[in-house]
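K.L.:
Have a look at this fold, sequence not included:
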């Protein structure tokens, strides 16, 4: 038997979590300095990576011995070093590269 979700007012089924909750992204000074040097195209590619991280902070790999995570997107050519607060509501970006 397949579990069902509650029906919406229109009668269609609604998933229990219709939208992924995103964490708020904050950039610290080194990341802001690097961001200021990027072109519009590089910034656009970086934006996609940051949105992906805000939706799923576990995308990056753990940096051993630290709370940092390292996310590299080989297709877009971007790298983001970040950490996530204990309640997973804020993602703090420490370094960006595009």
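P.N.:
Structure's in. What do you need? Note that the structure is predicted; figures quoted are calculated from it, not measured.
K.L.:
any idea which helix is longest in this structure?
P.N.:
In the chain, with assignment by DSSP state H, the single longest helix is helix 40-55.
K.L.:
So which elements touch it?
P.N.:
strand 24-27, strand 69-73, strand 78-84, strand 90-97 (3 or more C-beta pairs under 8 Å, 6 or more residues apart in numbering; DSSP states H and E). No exception for glycine: its C-beta is placed from N, CA and C like everyone else's.
K.L.:
Pick the most buried one from these.
P.N.:
strand 78-84 (a mean of 21; mean count of other C-beta atoms under 10 Å).
K.L.:
relative to strand 90-97, how tilted is that strand?
P.N.:
150 degrees (axes from the mean of the first three to the mean of the last three C-alpha atoms, to 10 degrees).
K.L.:
neighbouring contacts of strand 78-84?
P.N.:
Identification of contacts with strand 78-84 by C-beta atoms under 8 Å, 6 or more residues apart in numbering yields 23, 42, 45-46, 48-50, 53, 57, 60, 63, 66-73, 90-98.
K.L.:
That one to strand 69-73, inter-axis angle?
P.N.:
Using the same axes, to 10 degrees, strand 78-84 lies at 150 degrees relative to strand 69-73.
K.L.:
Quick one: low-confidence residue ranges for the protein.
P.N.:
For the chain, the stretches with pLDDT under 70 are 1-20.
K.L.:
Find the centremost residue of it, please.
P.N.:
residue 53 (1.5 Å; C-alpha atoms, centre = their mean).
K.L.:
Nothing else from me, thank you.
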